[in-house]
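Asker: Return atomic coordinates for the entry below.
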Amino acid sequence: MGLAYKKRGEGLFLLKLEKTLKVWVELDWCEEGRCGLVALSAGFRKDGVSLAQINRWNRDHRFSRAYLDGDGDPWVEWELDLTEGVSRETVKEFFRLFTKTTLPKFMEHIGFSP
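Answerer: Numbering: from 1, shown residues only. All right, here's what the predicted structure looks like:
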């Protein structure tokens, strides 16, 4: 798909997007060279994001989920089930929706500006 990435572990990759945003890509449920799940996630160093804000995100946005990590930093993630097969276009659209729609909306929701 023409995205620059760095491998960070078995099934774990880091994409660097415009404006220095980083998106983690994790391949899971892998057997015999095939993976059943791809997960995208992004975390932000941002003080003052409340659990109530995170809960509002989870209530109002269907496919992604948000949480605060152990340091209190907000994260958003989204998964795509590959077990029954998907087209290349479906995977491209999954990446596009996360990076062009979910991330900007989440950043606005938590008041983050790169």
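Asker: If we ignore the residues flanking it in sequence, what's nearest Thr102?
Answerer: Once flanking residues are discounted, Thr102 sits nearest to Ser64: 5.2 Å by Cβ to Cβ, 6 or more residues apart in numbering. Quick note: C-beta positions are derived from backbone N, CA and C, even for glycine.
Asker: Which residues are in contact with the one you found?
Answerer: Ser64 sits next to Trp57, Val76, Glu77, Trp78, Phe98, Thr102, Phe106 when contact means Cβ atoms under 8 Å, 6 or more residues apart in numbering.
Asker: and Leu15, what are its bridge partners?
Answerer: Tyr5, Val23 (DSSP bridges).
Asker: Could you check how far it is from Gly2?
Answerer: Counting by Cβ to Cβ, to the nearest Å, the gap between Leu15 and Gly2 amounts to 11 Å.
Asker: Show me which of these two is the more surrounded one.
Answerer: Ranked by neighbour count (other Cβ atoms under 10 Å), Leu15 and Gly2 place Leu15 first, with 18 against 4.
Asker: So that one sits against Val25, correct?
Answerer: Yes. Applying Cβ atoms under 8 Å, one finds Leu15 in contact with Val25, separated by 6.1 Å.
Asker: so what sits against both of these two?
Answerer: Joint contacts of Leu15 and Val25 (Cβ under 8 Å, 6+ apart) are Tyr5.
Asker: Okay, now the unreliable bits of the chain?
Answerer: By pLDDT under 70, the weakly predicted segments of the chain are 1, 18-20.
Asker: what residue is smack in the middle of this structure?
Answerer: The C-alpha lying nearest the average C-alpha coordinate of the chain belongs to Ser41 (Cα atoms, centre = their mean; 2.4 Å).
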